[in-house]
Structure formats: structure tokens, C-alpha cells
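Q: Next one to model:
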Amino acid sequence: MAGAAQTLETTYRTNGQTVQSAFESVREVLQNSSAVIQRGNKELAYGTVMSANGVILTKASEVAEGEGLTVTIGTQVYKNPALLAVDKTWDVALLKIEATGLVPVKLATDLPDPERGTWVVANGASSRLKRRPQVGIIAANAREILPAGGVVLGITFKEKEEKKLVVEEVRGGSGAEAAGIKPGDVIVAAGGQDVTDHESLAKLFENRHAGEEMEIAVEREGKKITMQVKLAARMDLFPEAEEDKSRNDMMSGNFSSRRSNFPRVIQHDIIANASTIGGPLLDLDGRCLGMNIARANRCETFAIPAGDLKSLADRLMTQAQVK
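A: Alright, predicted model coming up:
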């Protein structure tokens, strides 16, 4: 039927002017309490204003070393913000600009985690000088996001050795390297349990977390050596494995490069991409429920809950000696 093919007029869609006008008061919060972070003409990420004197939190992996950045808050452009601290667990960076009288977000730390179906607002695709609200709903209960691909020791094994786990290579910067595992070592036990093949070792990694330590025993020159090895997310040590994106990823857009391995997130369905992550997630009263930290796929965007964000901000500010 002809009527079945009809759709809403453009102005009445969720990103249309008529709908967005209903969220004007929340848009003002986005305008004054979120930042657009760029390098040259390229938009890298959004930021969340945490203090009147210029403390901004954003997604660390998107701003890299922090060189050559500009930060736009409201219509004011600030050049060369200082990158003072990074928290790798949450993938959050603390930037500091020379400013006074900014309007920090009002963290909703007195509220419980938002329930599924709660309306939320965040930055959509915006111009440098005008924020545009994007609306959606909370889609899942707060939860931990385990690392994509699981956790690893940071070693590769000799493939021809079927009945022994003989170390062929130790990845630089891994927990295995720090603990002293060497090529030629034979892994014989993990977590207090004997292992003889890849399958038995991989099973012991289930439900383990990046940053957690595991007891590993190796045989080296006829001697058994036991050591504590810090586990890492596979994607952090073997990023080449992440380059083989799924067909769905390739079709669907620019997702965040780091989109898993977070201690706790709230999930919503606001459409985003890598460059619109880092700004605040607001309720309809303009209170900050959290900070967007990853666009995971076509349907899921993750945000750090307000309580966790407050603790993280306090810790980074103390680390950076910002008052």
C-alpha cells in the first residue's frame, strides 16, 4: 500500500529541527559544558568540562599525545591544551586549558544508574561553534565490558610443538616480558594448574581481567621457575588482530578504536562515531549521567557512569596536581 511507504518528515525525525528544538535547554548544557577537540581542521573527539578553571576529560586514544590540539567550548577556541594525565584502564585523558569561568557538568552522582528506557542526550555531529543534540535511550543495565579477544600473557608459541607450550616470542611491553619469560621457556602451569596445550591454557584465561596477575610456571634448562605475570587485553598487545574487522564494521562506519575492556559502563543507543566520543551524556534535566567513552558497533554506545567518572576525575586531578 502507498501509505506503508511513508516516513516522518525530516524535521520530525530524531535529528530534525522540530524534535531538537524540544531539547534546547539541554543543548545549552552541551554548548557550554562540552568541548570540541581538533587537530587542524580534523575533529578528533569531544570533551567534558569538569572544572571552571579548564579541566577537560576526553577519550585518550583519540587525542594521542595531545600535540597541536585546539579545544572549543561554547564559541571560544583555546589553543595548545596541556595533556596532564592519562588513565589507561578507562582510556581517559585529562587536558587543561588556560580558562576561568567555565561551566562544569553537574554530575548526577546522587542518582542511581539510569534504568533501561531512560531518555538521554549527547553531542551529535556539530559544527565547531554550535553543538547539536542527539537523543536516545538507555539500552542496558550498567556492566563491565571485558576485553575483545580476551586476555593474554603477551607471548607466541612454536606451532610445531604440539605437546609442549614452547615460547617462541615475547611481545615487548607485555607482562610476560616484565616477569622475565624468555623464548625457549616451556609453560607448564598457570594459576596453579598444569597445562600442556593451547586449549588448556586458554580455558584458564576465561573470566580473567586485563591488569590481573596470574602465577605462571615455566621450565628453563631443566629447572622450574614460577613468576607472577600481569595479563593484558589481546587488542592492546596484538593490535594487528584488530585490523581484520568484520564485514559489519566495514559497512557500518567509524567505530572507536578502543571499544572494550572497561570496568563499568552504561549503554545507550545514541548514534555516534569515533570523533563524537568523549563528551557528556545528559538526562532531560541537563544533569550529567556519565561521559561517552566508546562507539562499539551499529547499536551500542558506552559511557562511564557519573560516580565512576567523579572518582576518575579526582584521581587524575590529584595525579596532575590540579586544584
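Q: Which of the helices or strands spans the nearest residue to L282 once chain neighbours are set aside?
A: In space, and not counting its chain neighbours, L282 is closest to V121: 4.7 Å by Cβ to Cβ, 6 or more residues apart in numbering. To be clear about C-beta, it is placed using only N, CA and C from the backbone, and glycine gets the same treatment. Element membership for V121, per DSSP states H and E: strand 119-123.
Q: sorry, back to before: ok, the residue nearest to L282 touching E28?
A: No: in terms of Cβ atoms under 8 Å, V121 does not count as a neighbour of E28; the distance is 11.2 Å.
Q: Just the buried residues of the helix or strand that comes right after the strand holding V121, please?
A: Once strand 119-123 ends, the next helix or strand along the chain (criterion: DSSP H and E) is strand 133-145. Residues of strand 133-145 classed as buried: 133-136, 138-139, 142, 145 (neighbour count, 16 or more other Cβ atoms under 10 Å).
Q: Neighbour count for V121 and E28, which is higher?
A: More neighbours surround V121 than the other of V121 and E28, with 25 against 15 (other Cβ atoms under 10 Å).
Q: could you list every residue that touches the more buried one?
A: Going by Cβ atoms under 8 Å, 6 or more residues apart in numbering, V121 touches 23, 26-27, 30, 133-135, 270, 281-284.
Q: Output stretch 26-37 as PDB - backbone C-alpha positions only.
A: Only the C-alpha atoms of stretch 26-37 are listed here, as PDB (Å, rounded to 0.1, in the frame of the first residue of the first chain):
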ATOM      1  CA  VAL A  26      19.800  20.500  27.200                       C
ATOM      2  CA  ARG A  27      21.600  21.700  24.100                       C
ATOM      3  CA  GLU A  28      22.700  24.800  26.100                       C
ATOM      4  CA  VAL A  29      24.400  22.500  28.500                       C
ATOM      5  CA  LEU A  30      26.200  20.700  25.700                       C
ATOM      6  CA  GLN A  31      27.100  24.100  24.300                       C
ATOM      7  CA  ASN A  32      28.700  25.400  27.500                       C
ATOM      8  CA  SER A  33      29.900  22.200  29.200                       C
ATOM      9  CA  SER A  34      31.300  20.100  26.400                       C
ATOM     10  CA  ALA A  35      34.300  20.700  24.200                       C
ATOM     11  CA  VAL A  36      35.100  20.000  20.500                       C
ATOM     12  CA  ILE A  37      38.700  18.800  20.300                       C
END
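Q: Can you give me the buried ones in it?
A: Applying 16+ other Cβ under 10 Å to stretch 26-37 flags 26-27, 29-31, 33-37 as buried.
Q: so D308, which of the three states?
A: What DSSP: H, G, I helix; E, B strand; the rest coil gives for D308 is helix.
Q: what's the distance between it and D269?
A: Counting by Cβ to Cβ, to the nearest Å, the separation of D308 from D269 is 21 Å.
Q: neighbour count winner among the two?
A: The residue with more neighbours, out of D308 and D269, is D308; 20 against 16, by other Cβ under 10 Å.
Q: Now the residue nearest to G74 when sequence neighbours are not counted: phi and psi?
A: Leaving aside its sequence neighbours, G74 sits nearest to N32 (Cβ to Cβ, 6+ apart; 5.5 Å). For N32, the backbone dihedrals (degrees, to the nearest 10) come out as phi -100, psi -20.
Q: Would you mind confirming that N32 is in contact with V105?
A: No: the criterion here is Cβ under 8 Å, and N32 misses it with V105 at 9.5 Å.
Q: got any residues that touch both of these two?
A: Listed as contacting both N32 and V105 by Cβ under 8 Å, 6+ apart are V49.
Q: OK, contacts around the closest residue to G192 other than its chain neighbours?
A: Spatial nearest neighbour of G192, chain neighbours left out: E215 (6.2 Å); criterion: Cβ to Cβ, 6+ apart. Taking Cβ under 8 Å, 6+ apart as the contact definition, E215 lies against 189-192, 226-229.
Q: Compare those residues and tell me which is most surrounded.
A: V229 (23 neighbours).
Q: I'd like to know how far Q38 sits from T58.
A: 12 Å.
Q: Between the two, tell me which one has more neighbours.
A: When neighbours are counted by other Cβ under 10 Å, Q38 and T58 differ, and T58 comes out ahead with 31 against 19.
Q: where in the stretch 1-150 of the chain is pLDDT low?
A: The stretch 1-150 of the chain contains residues with pLDDT under 70 at 1-21, 127-128.
Q: those strands in it, which residues are they?
A: Remark: strands assigned in the stretch 1-150 of the chain by DSSP state E, counting those that start in this stretch are 34-39, 42-49, 55-59, 69-73, 76-79, 82-87, 92-96, 119-123, 133-145.
Q: Name the surrounding residues that touch the first one.
A: By that I understand strand 34-39. Residues contacting strand 34-39 (Cβ under 8 Å, 6+ apart): 43-49, 56, 58, 62-63, 68-73, 95, 105, 123, 126, 128, 131, 278-280.
Q: Make a ChimeraX selection of the buried ones in the residues you listed.
A: Buried residues among these (16+ other Cβ under 10 Å), as a ChimeraX selection:
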select :43,44,45,46,47,48,49,56,58,62,63,69,70,71,72,73,95,105,123,126,131,278,279,280
